[in-house]
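[1] kindly generate the corresponding structure for this input.
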Amino acid sequence: MKKKTLSKFLRLAEKGFIILGLSFFAGVFGVHALGAVLPNFVVTLVRFSVWGISTILVCLFWKSTIITAGRDKLLCLLTVLALVSFVWSESPDFTLFNTRDMLMMTSFGLYFAARFSLKEQVQLVACTFFIGSLLSTILAIGLPSIGIHQADGIESHPGAWKGVYGHKNGLGSMMVLSALTFLALPKENSNLYKWGGLSFSLVLMLLSTSKTSLVLSLLLILLMVFYRNFRWQGKISVIFIDIGILILGCVALLIFTYWVELLTGLGRDPTLTGRTPLWGAVLARLMERPLLGYGYAAFWAPKSKYAIEAGHAIGSGWVPPHAHNGLIDLLLDVGFIGLSFFLMSYFTTFAQALKRAYATINPEDLWPLAYLSFLAMNNVTESYLMHLANVYWVLFITVVFTINQKSKFKKLTI
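    Here you go, the predicted model:
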C-alpha cells in the first residue's frame, strides 16, 4: 500500500515538474512577465531546476531515453550539429554559451516523450496553458503595468494584453496552442473543461489583439476539420495532397495577415513591416557560408556586424534579434546541411502524424498533426524553432519522438 502511494506521489511530482518546465519554456518567468515581480534568484532557480532535474531524470531512465532518441536519428544529428557548431562559429564563445539552451530543450523534450503517453502529454500541455491563462488574467487585472502593454514606446501596442508571456504576440501564440490542445483533449475529460478552456483561450487571443494569432487559429481549425473528416485509405498520394494544403495554409497566413501591406502599404510599408529587406540581406550573407552556416545563435550575437548590417537593410537603425523566419534562422545557425536534417525529420513525422490522425477516433491523436501544422505556419513570419530556450522546439522534439513509436490504433469505420 505504501509503495502504491509513493508511486502515485512520484508520478504526480513528475507531472508537476512537466507543467513547471513547459511554463518556463513558454516564457512565463521572463523579464517582461513574472520575472518582473519575482526575485531574480527564484527565476534562476527555476531555470537550473528545469535543466538539472530533466538531465538527471534522462540519465536515470537511460534505457528508455536511448530507445526514445533512436526513433528519429535525423533530429539527433541536427541537435549534435547545433551543439558542435561552436567549432566553425563566427562567435564561438557565444555559441558555446547558448548551447545550454539546446541541451535544456533536448533533455526536457526527451524526458517528456519517454515518460508520458500522447494522451498524458495533451492533458499536461492543456493544463499548462490553462494555468497560464489564469495567471495572465490575474496579472492583466491586478498589475496592468506588467500584464498589459502601456503607451511607452514606438511600438507599444497600448491596451493589448500580454499576460505572463511578455508580449501580445507571445500571448496570442500561446493561446493558439492552448486552443488546439483543448480541441485535442481525450474523451474522459469533461466537456466543461474542454470547451471552457477553448473559449478562455479564444477570449485571451482577442484581448492580445494579435492579428497573426487570430488568422492562424482560424486556418488551423479549418485544417483540423478537413484532416478529421478525410480518410487515410493507405494512399501515398494523400500525404502529398495534405503537404500541399499545409503549404497553401502558410501562404494564406502571410496573405491574410499582411493583405493591407501587400496591396497598398497603407499606414505601414509594403514590405511586411521590414521583413522582406531583412530576409534579402541575411540570405545574401548566408550564401557566403551555405553548408554549415554561422554557428548556433552566432549571426545575431551581441554587437554582431551581420546583425547590425541586417538592421541597416531595414533602414530603421534597429538591430533585429532574429530573422523573423524560422527556416532562415535555422539556415544561419547550421546551414543547408542542418536544414535538410530538419525538413526530412519534419515531413517524415508529418506523414506519420497524418496516418495516426486518420486511423483513430481518439481526439488526442489529432494533436501531433495540429502541432506540426501550427509550427510550419507560425515560422513564416517569426522565428520559433531553435532560437533560444522556447516551448515550440520542446514540443517539436516531444512530438517527433512520440509519434514514431509503435502503437495500436482503434480503426475508423469507413
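[2] all contacts plus neighbour counts: C-alpha atoms, from now on.
    Will do.
[3] and the average pLDDT for the lengthiest helix in the chain is what?
    Secondary structure of the chain per DSSP state H: the longest helix is helix 326-358. In this model, helix 326-358 has a mean pLDDT of 91.
[4] mind giving me the packing neighbours of that helix?
    helix 73-83, helix 211-229, helix 275-286, helix 367-378, helix 391-403 (3 or more C-alpha pairs under 8 Å, 6 or more residues apart in numbering; DSSP states H and E).
[5] will you turn these into CSV that also has mean pLDDT and distance to Glu188?
    Shown next, in CSV, are the helices and strands packed on helix 326-358 (pLDDT from 0 to 100; distance: least, C-alpha to C-alpha, whole Å):
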stretch, mean pLDDT, distance to Glu188
helix 73-83, 94, 33
helix 211-229, 79, 19
helix 275-286, 84, 45
helix 367-378, 90, 16
helix 391-403, 95, 21
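[6] to Phe29, which of those helices lies closest?
    With distances scored as C-alpha to C-alpha, the stretch of the helices and strands packed on helix 326-358 nearest to Phe29 is helix 391-403 (12.6 Å).
[7] now the angle from the closest one to helix 73-83?
    Here helix 391-403 points in a direction 150 degrees away from that of helix 73-83 (axes from the mean of the first three to the mean of the last three C-alpha atoms, to 10 degrees).
[8] what comes into contact with helix 391-403?
    Surrounding helix 391-403, the residues in contact under the criterion C-alpha atoms under 8 Å, 6 or more residues apart in numbering are 22, 25-26, 68-69, 71-72, 75, 105-106, 108-110, 112-114, 117-118, 345-346, 349, 352-353, 368, 371-372, 375, 384-386.
[9] just to revisit the earlier point, in the longest helix of the chain, which residues are buried?
    326-336, 338-339, 341-342, 345-346, 349-358 (16 or more other C-alpha atoms under 10 Å).
[10] stretch 63-74 now?
    Ser64, Thr65, Thr68, Ala69, Arg71, Asp72, Leu74.
[11] kindly report the same for stretch 279-287.
    Buried residues in stretch 279-287 (16+ other C-alpha under 10 Å): Trp279, Ala281, Val282, Leu283, Arg285, Leu286.
[12] is there a neighbour count for the nearest residue to the second one once chain neighbours are set aside? I'd like the number.
    Yep, that's Ala281 we're talking about. Distance criterion C-alpha to C-alpha, 6 or more residues apart in numbering; nearest residue to Ala281, sequence neighbours excluded, is Ala310 at 5.9 Å. Here the neighbour count serves as a burial measure; for Ala310 (other C-alpha atoms under 10 Å) it reads 26.
[13] who's in contact with Ala310?
    Each residue near Ala310 by C-alpha under 8 Å, 6+ apart is listed here: Leu278, Ala281, Val282, Val319, Pro320.
[14] which one among the residues you listed gets closest to Trp161?
    Distances from Trp161 to the contacts of Ala310, taken as C-alpha to C-alpha, are shortest for Pro320 (23.1 Å).
[15] Pro302 sits in which helix or strand?
    Take DSSP states H and E as the rule and Pro302 turns out to sit in neither a helix nor a strand.
[16] if we can go back for a sec, would you list the contacts of Ala310 in a markdown table and tack on distance to Pro158?
    What follows is the contacts of Ala310, written out as a markdown table (distance: C-alpha to C-alpha, whole Å):
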| residue | distance to Pro158 |
| --- | --- |
| Leu278 | 26 |
| Ala281 | 31 |
| Val282 | 31 |
| Val319 | 23 |
| Pro320 | 22 |
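[17] sec struct for the nearest residue to His324 once chain neighbours are set aside, please.
    With sequence-adjacent residues excluded and distances taken as C-alpha to C-alpha, 6+ apart, His324 is closest to Glu382, at 4.0 Å. Reduced to three states with DSSP: H, G, I helix; E, B strand; the rest coil, the structure at Glu382 is coil.
[18] what's around Glu382, how many residues?
    Here the number of neighbours of Glu382 (other C-alpha under 10 Å) works out to 17.
[19] could you do Ser23 as well?
    Using other C-alpha under 10 Å, Ser23 has 21 neighbouring residues.
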